[in-house]
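**Student:** need coordinates for the following:
(chains A and B)
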Protein chains: 2
Amino acid sequence: MSPVKVGILGLGTVGCGTLNVLRRNAHEIARRAGREIIVTHASARTLDKPRPCDTQSLRLTNQPMEVVNDPEVSIIVELIGGTSLARDLVLQAINDGKHVVTANKALIALHGNEIFNAAQQKGVMVAFEAAVAGGIPVIKAIREGLSGNSIQWLAGIINGTSNFILTEMRDKGRDFDSVLAEAQQLGYAEADPRFDVEGIDAAHKLTILASIAFGIPLQFDKVYIEGISNITAEDVSYATELGYRIKHLGIAKRTAEGVELRAHPTLIPYRRLLANVDGVMNGVLIHADAVGSTLYYGAGAGAEPTASAVVADLVDVVRTLTTDPENRVPHLAFQPDSISEIPILPIESVQTAYYLRMMALDRVGVLAQVATILGQCGISIEALIQKEPVGGADKVPVVMLTHSVQEAQLNQAISQIEALEGISGSVIRIRMDTLAG
Amino acid sequence: MSPVKVGILGLGTVGCGTLNVLRRNAHEIARRAGREIIVTHASARTLDKPRPCDTQSLRLTNQPMEVVNDPEVSIIVELIGGTSLARDLVLQAINDGKHVVTANKALIALHGNEIFNAAQQKGVMVAFEAAVAGGIPVIKAIREGLSGNSIQWLAGIINGTSNFILTEMRDKGRDFDSVLAEAQQLGYAEADPRFDVEGIDAAHKLTILASIAFGIPLQFDKVYIEGISNITAEDVSYATELGYRIKHLGIAKRTAEGVELRAHPTLIPYRRLLANVDGVMNGVLIHADAVGSTLYYGAGAGAEPTASAVVADLVDVVRTLTTDPENRVPHLAFQPDSISEIPILPIESVQTAYYLRMMALDRVGVLAQVATILGQCGISIEALIQKEPVGGADKVPVVMLTHSVQEAQLNQAISQIEALEGISGSVIRIRMDTLAG
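**Tutor:** I've put the predicted structure just below:
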């Protein structure tokens, strides 16, 4: 069969990685796909910049729409990022009857419903394995590998930057700011790190995972989002002392009342495999009714890991070029007419255990007052650490783990505790999850 | 679309699990597949036996060929196990133009080349996700998720029985025989446990994994196989002391000289995720050029985990019922005309590090003699433990870890060491792997 011609939008890290992987493994890829896949046309913002890939054999333009409109090209790989121009380009490609492969999580999380609807009508595929957890084929695992299951929950370390920072904080006892600065130097964090450390990137990915796991629309605006910038070296160390690790997790859970969608730091037992996914690595744990728990681990970012997912999508698309669109794997795992509107629960309705830390005056009776408030709010304590005052300090840190409770109730208890004369400052809370079946 | 009708051969644990999962999740599965999948006909050796699944709504026979020949049924699920009758049934189904889903690793490892060849000629699919690592979608991950990569090696804990035994031996300091007896009581090991504990089951699965990873034919007869029955509580304890775990691994590695295919106990560093895959769980670590290392973890056996993979295969097959066979995912990941005959290396050519244990007379000079022999054979020592003699014993255990060396050279060194007067009995050897990129 004749080669399939591909156009790439964006020749940054992942664009070059994709070119390099397609070239280096051309023979092996063709042995699998049954035909060659070649990039013939690409766009880049700056044309004469030195790049870690050879662009000599392809047409290069700084007008991405030229690539989209190239009649020779049958698959467009969108790697420019952002949600405005990328959306226009992808919708145009779909409109021209071209298939699309994208690594753009923000685009899918924010405009996926519109994009997949357009693709459905035009009978083209929009593949996005690279949008979640880089090179780990977790979209495929959920969408196809677990298709016999009713998925109950998933919890993923899906932001490498946050995981690197938390790992360093734990391994070296360092604080957030100093590790962030190092991560920026190493290129693991952007100059503006908010997207990563404030949990937005993880929330984009969680939006996608939840949709394909539960058969619900993409609804990024309903994700509860909390980043890691408030996690202190102290909390990391207390968590360790209690037998836990703090990880930034994207959690999606199906309950009788609706779906929980939340991205936030979470204490998890240190013996869990997910607790040992360290550094910039990603890991996604999925609990489903038939198979139980399965875990998928690997590099969540980087030129070639992401390219690995882009190329796998290209091979998938090539294989379905002649397939009746009705019989393809649906974009969001469930048939478009079967996607259901299960309510997404507000964070106040979420039921979970908590790690609490507060500064108490070193005085008789304060702890009893705290315990009374918790008891009145129906919150029972599972573990408690009270440290001796250091030096002449009049305040001591009190750390406790609660049993599972509704967040609304915990909020109530916390505001009462913070009003106590014996408690100084605010009560720090970090959610916990045992990740048990 | 009208429902797809399926026939099941064998209503044992997995057969009933498949029936139960298909029924319980019927709605969710149809929302994904776009049509219903129903079992209409099944065979079982004994018809009137009580079963953990409801068979009232289907036709039941003790003649599996009746199911195969049922013109209403378009997919046959083979779950009877064994390689003789199963082969006949599967080949007959293919010959009748029916698609096949099987969980039978022995069948695929031993007769896969013949079966896939027949399926190719008839334009039908034979899906076998359930044959390796139960519910973990690792076949799909390698075949489709990593299709852009050149896979370099893989190492898998793919026999739950062996992993359970080794985990118990380590956690509780018990010996092989007593844990095996417990595993048999718990139903984790068969009355005749040889298939599992002698590594044959793992070798079947490794044969399949290596074929789809490297694009080579299935060649079970070339796998080097060693089980766990010779692993002692002593070795488990020394390994722990040295910072390692002993796991039974299936290892496939591509080298400049050929492919290594070996299933044997292996020391791996305790910090690796794979070292923490415990109990009956399975885990497969895959190292590929673009993505780096990815790991897949989950239940490798059991009624519903295996059913999870069977049903995922059913959904895949249903989706390709109308696909041009040319464009389907090839059975063995690579197009049939692209499967290449890379030589499989004999174990003597394998290059690896080793754990060695021997009993030495507690006498000056013995250790020097051992060291001299190793040095002459070009083997350098990375770590060494020599224990004090216990009580009045005249012999002391000597444990060492070597750097990487060719097995042939090690064999030579071992026979010279065993010939020393100061060494009593044979030298125990266990291969090691750092599982590093």
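**Student:** what strand or helix carries the closest residue to residue A:165 other than its chain neighbours?
**Tutor:** Spatially, and ignoring its direct neighbours in sequence, residue A:165 is nearest to residue A:179 (4.8 Å; CB to CB, 6 or more residues apart in numbering or on different chains). Quick note: C-beta positions are derived from backbone N, CA and C, even for glycine. For residue A:179, the element it lies in under DSSP states H and E is helix A:176-186.
**Student:** restricting to C-alpha, output that helix in CSV.
**Tutor:** These are the backbone C-alpha positions of helix A:176-186, laid out as CSV (Å, rounded to 0.1, in the frame of the first residue of the first chain):
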residue,chain,number,x,y,z
PHE,A,176,8.4,23.8,48.0
ASP,A,177,10.0,27.0,46.8
SER,A,178,13.6,25.8,46.7
VAL,A,179,12.6,22.6,44.8
LEU,A,180,10.5,24.5,42.4
ALA,A,181,13.4,26.7,41.6
GLU,A,182,15.5,23.6,40.9
ALA,A,183,12.8,22.1,38.8
GLN,A,184,12.7,25.2,36.7
GLN,A,185,16.5,25.0,36.2
LEU,A,186,16.2,21.4,35.2
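**Student:** which SSE is immediately downstream of that helix?
**Tutor:** Past helix A:176-186, further along toward the C-terminus, the next helix or strand under DSSP H and E is helix A:194-197.
**Student:** the helices in the stretch 101-250 of chain A, which residues?
**Tutor:** The residue ranges that make up the helices of the stretch 101-250 of chain A, judged by DSSP state H, counting those that start in this stretch, are A:105-122, A:138-140, A:160-172, A:176-186, A:194-197, A:200-214, A:233-241.
**Student:** for these, give me CSV that also has mean pLDDT and mean neighbour count.
**Tutor:** Compiled in CSV, the helices of the stretch 101-250 of chain A are given as follows (pLDDT from 0 to 100; neighbours: other CB atoms under 10 Å in any protein chain shown):
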stretch, mean pLDDT, mean neighbour count
helix A:105-122, 98, 20
helix A:138-140, 98, 28
helix A:160-172, 97, 22
helix A:176-186, 94, 16
helix A:194-197, 95, 20
helix A:200-214, 98, 27
helix A:233-241, 97, 18
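**Student:** now distance to residue A:297 too, for those helices, in CSV please.
**Tutor:** Output for the helices of the stretch 101-250 of chain A, formatted as CSV (distance: least, CB to CB, whole Å):
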stretch, distance to residue A:297
helix A:105-122, 19
helix A:138-140, 10
helix A:160-172, 12
helix A:176-186, 21
helix A:194-197, 19
helix A:200-214, 15
helix A:233-241, 21
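**Student:** what about residue A:396, which SS state?
**Tutor:** Recorded secondary structure, residue A:396: strand (DSSP: H, G, I helix; E, B strand; the rest coil).
**Student:** pull the contacting residues for residue A:162.
**Tutor:** The neighbourhood of residue A:162, defined by CB atoms under 8 Å, 6 or more residues apart in numbering or on different chains, consists of A:196, A:197, A:199, A:202, A:227, A:228, A:248.
**Student:** so what's the residue count around the third one?
**Tutor:** The criterion is other CB atoms under 10 Å in any protein chain shown. On that basis, residue A:199 has 27 neighbouring residues.
**Student:** ok and the residue in the stretch 251-400 of chain A nearest chain B?
**Tutor:** Closest approach between the stretch 251-400 of chain A and chain B, counting by CB to the nearest CB: residue A:311, at 2.7 Å.
**Student:** which non-adjacent residue is nearest that residue?
**Tutor:** Once its chain neighbours are removed from consideration, residue A:311 has its nearest residue in residue B:148; the separation is 2.7 Å (CB to CB, 6+ apart).
**Student:** tell me how many other residues crowd residue A:129.
**Tutor:** 28.
**Student:** right, and it touches residue B:145 too?
**Tutor:** Yes - in this structure residue A:129 lies within contact range of residue B:145 using CB atoms under 8 Å: 7.5 Å.
**Student:** where do the contact lists of those two overlap?
**Tutor:** By the contact definition CB under 8 Å, 6+ apart, residue A:129 and residue B:145 are jointly contacted by A:137, A:140, A:309, A:312.
**Student:** and the second one, how close does it get to residue A:284?
**Tutor:** Read it as residue A:140. Computed as CB to CB, to the nearest Å, the residue A:140 to residue A:284 distance reads 12 Å.
**Student:** what does the third one give?
**Tutor:** Counting by CB to CB, the separation of residue A:309 from residue A:284 is 13 Å.
**Student:** more crowded one of the two?
**Tutor:** Between residue A:309 and residue A:284, counted using other CB under 10 Å, the more crowded position is residue A:309 (33 against 28).
**Student:** neighbours of the spatially closest residue to the more buried one that is not a sequence neighbour, how many?
**Tutor:** Using CB to CB, 6+ apart and skipping residues adjacent in sequence, the residue nearest residue A:309 is residue A:130, 3.7 Å away. By the other CB under 10 Å criterion, the neighbourhood of residue A:130 contains 29 residues.
**Student:** let me see the contact set for residue A:130.
**Tutor:** A:14, A:101, A:102, A:103, A:306, A:307, A:309, A:310, A:313.
**Student:** got it, and residue A:334?
**Tutor:** Residues touching residue A:334, when contacts are defined by CB under 8 Å, 6+ apart, comprise A:212, A:215, B:31, B:32.
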